[in-house]
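Enquirer: what's the 3D shape of this:
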Amino acid sequence: MNESNEIDLTTELPQIVCGGEPLLKFLSSFNIPPYKLGFYFFIIISFTLSITGAFCEPKPDQSKFVNYFENISWSISILFIFPIVIGLTKKYYIKIQLLLNDLTKKPAKGRKEQAVKLNRRINSLFNNFYSPIIFLSITVFLNIEYYIQILNKEPYSNWITNGEFLKDFLNTSSGFTYPGFYSAIVQVFLIYWVFNLIWNSFVFAWGLYQIFNKNNFILRVRPLHSDNCCGFSEIGNTSMIFNYIIFLLGIYVSLKVVDKIVIQSLPLTNDIGNPIFLVCYAILAPIFFFLPLSSAHNKMKEAKNNLITPLKNQYASLVESINEHNDKAEIANNIYNLIGNLEASITVWPFNFRSIESFVGTIVAPILPIALPFLVKGFTIFIKYILNT
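Expert: Reported below is the predicted structural model:
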């Protein structure tokens, strides 16, 4: 037996996502299924925050007050969006581990050392000590700046800033309510969670690129596989989970914009988080959807060419070998169509057209609520202009 048949790196170097991230490592130690993790988040975080937030009321002398349920970027998101995001993230990490373990289990002949080295490199990026510290530091810093801004400059009172807690310590115009401070802690947790999600998605895409382009592993590229993705449909399936997460985060971003512009009648830039979220969403959504998918493209294209090119080369000689008769042109045309249909049916990307439809929906759907307030205001101005002329 040769080296490639004797070695299975899955048992030696299994890929583990977030083994170095304390929070997810702690949650993973309980072996909680993804759907239960989302449910527990709903019960422990979403439900308790909603109950306590609902009891925040304006002071007697306050005329304008935004309560918890009017603040839809919090109430809707924490009840319906983020529990699903939490569960999907766990499922996404499980799928990444299974996929990478499958792709990297067999080193190519004579490439064991390089394969082991790459496996260790991918693992070290997933589980390095420094990235969680960096992400937590950035998250805490951004949130301190954000909350100091809204505690000082918010032109109305709301369920978060209508208290006295930490007012003197932060030297701000108002302080937190206790549910508001609880929501600040939850926000730190969620942003930290998303930072880690983005990092792990980047490592996943980088790892796939290395696996498919360094020739360190035995990869079975099968153009006629029943999944119509050369046997790599799991790459597309895994990317689609991230696509669903991005869709939900896009809805959250749109709710923040609607919350600020429509409900609170404030400019978008009143909350510095809104333009940051919008820019990050517009840039990262397409990048992190297509990066993992592009990794297998060259291998799939090469396998397709290796299958189709000999057929095309034999086409002319096969036609010439047909005996002279009236149906010769029809037979030649049928053979040509058969090769063309076969070529068209073999994709060189690990996803299908439905994946593209879903991705377009992911980008467009969350943008519609964002655009709607501007369209309504623009239409109103236009009608007033028409009526006054």
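
Enquirer: what about the residue positioned nearest the centre of the chain, which helix or strand?
Expert: With distances taken as C-alpha atoms, centre = their mean, F242 lies nearest the centre of the chain, 3.5 Å away. Using DSSP states H and E, F242 falls within helix 233-258.

Enquirer: what mean pLDDT does that helix get?
Expert: Averaging pLDDT along helix 233-258 yields 85.

Enquirer: helix or strand right after it?
Expert: Taking DSSP H and E, what comes next after helix 233-258 is helix 273-294.

Enquirer: check which helices and strands that following helix sits against.
Expert: Packing partners of helix 273-294 (3 or more C-beta pairs under 8 Å, 6 or more residues apart in numbering; DSSP states H and E): helix 178-213, helix 233-258, helix 353-388. All C-beta spots, glycine's among them, are computed from the backbone N, C-alpha and C.

Enquirer: try it again with 6 Å
Expert: Contacts defined by 3 or more C-beta pairs under 6 Å, 6 or more residues apart in numbering; DSSP states H and E place helix 273-294 against helix 178-213, helix 233-258.

Enquirer: just those helices: most buried one?
Expert: Mean neighbour count, computed with mean count of other C-beta atoms under 10 Å, is highest for helix 233-258 among the helices and strands packed on helix 273-294, reaching a mean of 21.

Enquirer: okay, the angle between it and helix 273-294?
Expert: Interaxial angle, helix 233-258 versus helix 273-294 (axes from the mean of the first three to the mean of the last three C-alpha atoms, to 10 degrees): 170 degrees.

Enquirer: okay, angle between helix 233-258 and helix 178-213 too, please.
Expert: Going by the same axes, to 10 degrees, helix 233-258 makes 150 degrees with helix 178-213.

Enquirer: for I150, which of the helices and strands packed on helix 273-294 is the nearest?
Expert: Set against I150 and scored by C-beta to C-beta, these come closest in helix 178-213, at 9.8 Å.

Enquirer: next, give phi and psi for N158.
Expert: Phi and psi for N158, reported as degrees, to the nearest 10, are phi -150, psi 180.

Enquirer: how about the nearest residue to it, chain neighbours excluded?
Expert: Spatial nearest neighbour of N158, excluding adjacent residues (C-beta to C-beta, 6 or more residues apart in numbering): V66 at 4.0 Å.

Enquirer: torsion angles phi and psi at that neighbour?
Expert: phi -100, psi 110.

Enquirer: still on that earlier bit, the helix holding F242: how far from the chain's middle?
Expert: 5 Å (C-alpha atoms, centre = their mean, to the nearest Å).

Enquirer: likewise for stretch 177-188?
Expert: For stretch 177-188, the gap between its own C-alpha mean and the chain's C-alpha mean amounts to 25 Å (C-alpha atoms, centre = their mean).
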